[in-house]
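1. Quick one, structure for this:
(chains A and B)
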Amino acid sequence: MFGRIKSALGREGEARRPEPLAPYESPTKATVERSELVARFMREAEAANIIVSFAETDEDVEKYLDSFVLRQSCGVVALSDAVAASCEGLAARLSERGLRVVVPPGEPAPVMFADVAHAADNGNSASRPGVGSDVDAEGFKAALFEAGVGVTAADYAIAETGTLVLGTGGERHRLISLLPPVHVCLLDARRIVGTLAELLAHFRERGEARGRPPQALTFITGPSRTADVEQTLALGVHGPHELHVLLRTLT
Amino acid sequence: MNMTTAGESFTGRARRALSNEQLQSALATATTKHKAARAEALPLLGAEWERLREQARAVKNHTLENLDYYLAEFAANVERLGGRVFWAEDAAAANRYIVEVARRHGARTAVKSKSMMTEEVELNRALDAAGVRPIETDLGEYIVQLAGERPSHITAPAIHKSRHEIARLFAEKFETECGPETERITALARRMLRREFAAADLGITGVNFAIAESGTIVLIENEGNIRLSTSLPRVHVALMGIEKVIPRLADLDVFLKILPRAASGQKITSYVSLLTGLKHSPRDEGPEELHVVVIDNGRTAMLANPSLRESLNCIRCGACLNACPVYQKIGGHAYGWIYPGPIGAVLTPQLTGRQQAADLPFASTLCGACRDVCPVKIAIPEMLLHLRHEIKEHQQLDAPSGLRGADSSPGTPGLLATAAPKQTTPVGFKQRIVGRLEKLSFKLWARAMQKASRYVRAGRLARLAQAAFGRRANGTSALPLKAWARRRDVPMLAPRTFRERWAESKSKAARRAGRR
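-> All right, here's what the predicted structure looks like:
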């Protein structure tokens, strides 16, 4: 096939690294003010059908999660690695109230991107035991099909679009944020970046430094949606129909 | 898969679409909604929209010019991170490879997310034949598959169906009640498809962008079925045309801004997945195998044609469909193959053969609305003109079939190839005469336009002819023009030309001046 491509381009021999194209420079200037970033993120997130709440302290987070999950009156709740590790006692409290709590099987995920936010406050969450999982990979999948709520943490958020960014490495987020009909995502306000361009530049640096980028990066902007039936919006066609963000602001 | 359009000519299909009232109202609503969403979204970007389009076009052109380098870089990175790359020359080779992967895993079902490439190579048919049941999981595609039809729009496959029709279809297929409310339809589809996701062995997707420097596959969606297809099954197979590669992660910024806006007026879609190689350790989520199938299927021939090369820049947003006055009336199925609308009229003749799709480049008013909305600024009208030229030249040559393009490649599947073999070469006698007459008239026209004296004489001749043949039937009872005028208004020549009147008024003025 390379022969055909080369002859189509009128070229012979080894392809040489081309002179790279000048990168795109947006005319909109970058926001540096933290409060502005938070406000922009909130505005855009809400426009994308995300429900945003606030927490200032660890206690606020606990209170929110306890009451939120119990209000959903579901039988099964799933917690991601970072949530299970950083919200101590959450799993135990929910179990006491009769819920089945599932966490990803095996070793808790090593922290990759969460090193500034979640880990900086409480020590390195990777070294913490977290909650022991009572399921294997298949059992975990099966439980997620039954779960009513999935709780994860976001590694980053993008203000200009109201987007949550979840990466593997820090979190086994892929199924917990997708299979249950309600997804709750914890976000540290310090992890909000202004633009997609900033975030991509950041990942590129990290990816190069480590030799390989995270295997899966998921950008989430709102609940699962479709307009395939008469171009009318419907939520929750495959993924969650509700997406809640708990924004941990600075005191 | 059913071929609803088989055995019918383009004009036949178009005529049928025009008389289908349900389709007409569905198309009107859908394209209006699309355009309104877009019109609302774009002004927010102001002048940046133009800059984004320019950059997107520049990145695409740069990549095509260095396609050998970037494809090699992409493939090397995929393989370094545990994925496998298969180079497929044509549809048959791609299908053979994927069927083989399915066999090796003893796959019984495959969940598929929306992908134009899988439509192009007709993967579903190949899987079915091999005993693997393909399940479309995008809601629109799922509906179309259940109905045994074909998608009629690139981003809204079931645009031609009303919710009542869909509810009836679901009720019949699932033997259950289904109300015509959108929520009920969606909920039932979710329930049925969850079972398929839980059991499937294979997840099959397309690729929106492939990043050379990191070996990353980018997938863009709103529903979440792509995420499910790429995180639940043990094996992920991704199909991409050779043109899907872009150089850097940073280049994604521009494309993630323009694609959703052009397609549906969204700033960003609900989900964007960046998948790079295989999982790092067994405890991670995700498939155990990744196969990236890179497909030519006629694209290197497109690359070799400088006048048409830029049609490889298409990012499949569907904006030109919604903007096109022809698409708005005849819908997607009339175009006969998987790529409808203006871009379809450019791609289909190139991918299936010029003579197989000879009508398509002519089914355009050349109004340029497609070029104006295209987020990568593809000059579609110019390409349509170029294709018209190629097709006419070919018809006059009366050459044997399979002269140009992909139609000689044995693996090219195609609805049109099976649909309309009678239209193909050798070109019929009548067509040849008409073609020659057409060419002759254009030659005469060109000669007349070259010199003022010739133009004047030609005008006189034409007026004489008009007087002689009479004004009946729009003044065009003259034989060759009759057919031409059936769908066009032929302008009547004024009894006196502007030049004559100008000369007269000047001499009058001179006389008046002389009297004073």
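2. count of residues packed around residue 230?
-> As the question left the chain open, I've gone with chain A. A count of nearby residues for A:Glu230, using other CB atoms under 10 Å in any protein chain shown, gives 22. Placement of C-beta: from N, CA and C, glycine included.
3. not quite, I wanted chain B
-> For B:Thr230, the neighbour count with other CB under 10 Å is 24.
4. same thing with B:Lys329?
-> 16.
5. Same question for B:Ala452.
-> B:Ala452 has 9 neighbours, counted by other CB under 10 Å.
6. And for B:Thr216?
-> 28.
7. Would you mind listing the residues in contact with the closest residue to it other than its chain neighbours?
-> Nearest-residue entry for B:Thr216: B:Thr276, 4.5 Å, with adjacent residues in sequence omitted and distances by CB to CB, 6 or more residues apart in numbering or on different chains. By CB atoms under 8 Å, 6 or more residues apart in numbering or on different chains, the residues touching B:Thr276 are A:212-217, B:81, B:214-217.
8. Could you do A:Val149 as well?
-> A:68-69, A:72, A:74, A:77-78, A:180, A:182-184.
9. and the closest residue to chain B within the stretch 101-250 of chain A, how many neighbours does it have?
-> The nearest approach of the stretch 101-250 of chain A to chain B comes at A:Gly239, 3.1 Å away (CB to the nearest CB). Neighbourhood size, A:Gly239 [other CB under 10 Å]: 29.
10. immediately after the helix or strand bottoming out on mean pLDDT in chain A, which helix or strand?
-> Across the helices and strands of chain A, mean pLDDT, DSSP states H and E gives its lowest value to helix A:118-122, namely a mean of 39. Later in the chain than helix A:118-122, the nearest helix or strand by DSSP states H and E is helix A:137-146.
11. Which strands or helices does that next one pack on?
-> Packed against helix A:137-146 by the contact rule (3 or more CB pairs under 8 Å, 6 or more residues apart in numbering or on different chains; DSSP states H and E) you find strand A:76-79, strand A:100-102, helix B:182-199.
12. related to what we said a few turns ago, for the residue of the stretch 101-250 of chain A closest to chain B, list the residues it contacts.
-> A:177-179, A:183, A:223-224, B:223-224, B:227-228, B:270-271 are the contacts of A:Gly239 under CB under 8 Å, 6+ apart.
13. Give me the packing partners of the helix or strand in which B:Arg463 is found, helices and strands only.
-> Counting by DSSP H and E, the element that carries B:Arg463 is helix B:452-469. With contacts defined as 3+ CB pairs under 8 Å, 6+ apart, the packing partners of helix B:452-469 are helix B:429-450.
14. Quick check: mean pLDDT of stretch A:39-58?
-> Averaged over stretch A:39-58, pLDDT sits at 95.
15. CA-only coordinates of that stretch in PDB, if you can.
-> Presented in PDB, the C-alpha positions along stretch A:39-58 are these (Å, rounded to 0.1, in the frame of the first residue of the first chain):
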ATOM      1  CA  ALA A  39     -17.500  30.200  36.800                       C
ATOM      2  CA  ARG A  40     -17.000  29.400  33.100                       C
ATOM      3  CA  PHE A  41     -16.800  25.600  33.800                       C
ATOM      4  CA  MET A  42     -20.100  25.800  35.700                       C
ATOM      5  CA  ARG A  43     -21.900  27.800  33.000                       C
ATOM      6  CA  GLU A  44     -20.800  25.400  30.300                       C
ATOM      7  CA  ALA A  45     -21.500  22.300  32.300                       C
ATOM      8  CA  GLU A  46     -25.000  23.400  33.100                       C
ATOM      9  CA  ALA A  47     -25.600  24.200  29.500                       C
ATOM     10  CA  ALA A  48     -24.600  20.600  28.800                       C
ATOM     11  CA  ASN A  49     -27.300  19.200  31.200                       C
ATOM     12  CA  ILE A  50     -24.800  18.600  34.000                       C
ATOM     13  CA  ILE A  51     -26.000  19.200  37.500                       C
ATOM     14  CA  VAL A  52     -23.300  20.900  39.600                       C
ATOM     15  CA  SER A  53     -23.100  21.000  43.400                       C
ATOM     16  CA  PHE A  54     -20.400  22.300  45.700                       C
ATOM     17  CA  ALA A  55     -18.400  21.000  48.700                       C
ATOM     18  CA  GLU A  56     -15.900  23.000  50.600                       C
ATOM     19  CA  THR A  57     -14.700  20.400  53.100                       C
ATOM     20  CA  ASP A  58     -14.300  16.600  53.300                       C
END
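16. Put together CSV for the contacts of A:Gly239, with distance to B:Gly344 and neighbour count on each row.
-> Shown next, in CSV, are these (distance: CB to CB, whole Å; neighbours: other CB atoms under 10 Å in any protein chain shown):
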residue, distance to B:Gly344, neighbour count
A:Ser177, 36, 28
A:Leu178, 33, 23
A:Leu179, 36, 27
A:His183, 37, 27
A:Pro223, 32, 24
A:Ser224, 29, 29
B:Glu223, 24, 30
B:Gly224, 28, 27
B:Arg227, 29, 30
B:Leu228, 29, 27
B:Ser270, 27, 29
B:Tyr271, 27, 26
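17. Kindly indicate which of these lies nearest B:Leu461.
-> Nearest to B:Leu461 out of these is B:Glu223 (CB to CB; 64.0 Å).
18. Now for that closest one: which residues touch it?
-> A:224-226, A:237-239, B:138-139, B:270-271.
19. Near the closest residue to A:Ala234 other than its chain neighbours, how many other residues are there?
-> Leaving aside its chain neighbours, A:Ala234 sits nearest to B:Thr186 (4.3 Å; criterion: CB to CB, 6+ apart). By other CB under 10 Å, 24 other residues sit near B:Thr186.
20. can you check B:Thr118 too?
-> B:Thr118 has 27 nearby residues by other CB under 10 Å.
21. pretty sure it contacts B:Asn124?
-> Yes. With contact defined as CB atoms under 8 Å, B:Thr118 and B:Asn124 form a contacting pair (7.0 Å).
22. Now do the shared contacts for these two.
-> Residues touching both B:Thr118 and B:Asn124 by CB under 8 Å, 6+ apart: B:Lys112.
23. Give me the below-cutoff pLDDT ranges for the stretch 1-150 of chain B.
-> For the stretch 1-150 of chain B, the stretches with pLDDT under 70 are B:1-7.
24. If you count neighbours, what's buried in the helix holding B:Arg463?
-> B:458-459, B:466 (16 or more other CB atoms under 10 Å in any protein chain shown).
25. repeat for stretch B:248-266
-> Of the residues in stretch B:248-266, those buried under the neighbour-count criterion (16+ other CB under 10 Å) are B:248-266.
26. cool, stretch B:299-308 as well?
-> Neighbour-count burial for stretch B:299-308, counted by 16+ other CB under 10 Å, picks out B:299-303, B:305, B:308.
27. Now go through the residues you listed and say which are in helices.
-> The helices, defined by DSSP state H, take in B:299-303 from these.
28. ok, which of the residues you listed also contact chain A?
-> B:300-301, B:303 (CB under 8 Å from any CB of the partner chain).
29. Just the CA atoms of stretch B:234-253, as PDB, please.
-> Output in PDB follows, covering the C-alpha atoms of stretch B:234-253 (Å, rounded to 0.1, in the frame of the first residue of the first chain):
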ATOM      1  CA  ARG B 234     -12.600  -8.800  24.700                       C
ATOM      2  CA  VAL B 235     -11.600  -7.700  21.200                       C
ATOM      3  CA  HIS B 236     -11.700  -4.200  19.600                       C
ATOM      4  CA  VAL B 237     -11.500  -3.900  15.800                       C
ATOM      5  CA  ALA B 238     -11.300  -0.400  14.500                       C
ATOM      6  CA  LEU B 239     -11.600   0.300  10.700                       C
ATOM      7  CA  MET B 240     -10.200   3.400   9.100                       C
ATOM      8  CA  GLY B 241      -9.500   4.800   5.700                       C
ATOM      9  CA  ILE B 242      -5.900   5.900   5.000                       C
ATOM     10  CA  GLU B 243      -7.000   9.500   5.100                       C
ATOM     11  CA  LYS B 244      -8.000   9.500   8.800                       C
ATOM     12  CA  VAL B 245      -4.600  10.200  10.200                       C
ATOM     13  CA  ILE B 246      -3.500  13.600  11.600                       C
ATOM     14  CA  PRO B 247       0.000  14.400  12.800                       C
ATOM     15  CA  ARG B 248      -0.200  15.500  16.400                       C
ATOM     16  CA  LEU B 249      -2.300  15.400  19.500                       C
ATOM     17  CA  ALA B 250      -2.400  19.200  19.500                       C
ATOM     18  CA  ASP B 251      -4.100  19.100  16.000                       C
ATOM     19  CA  LEU B 252      -7.100  17.400  17.600                       C
ATOM     20  CA  ASP B 253      -8.100  20.700  19.200                       C
END
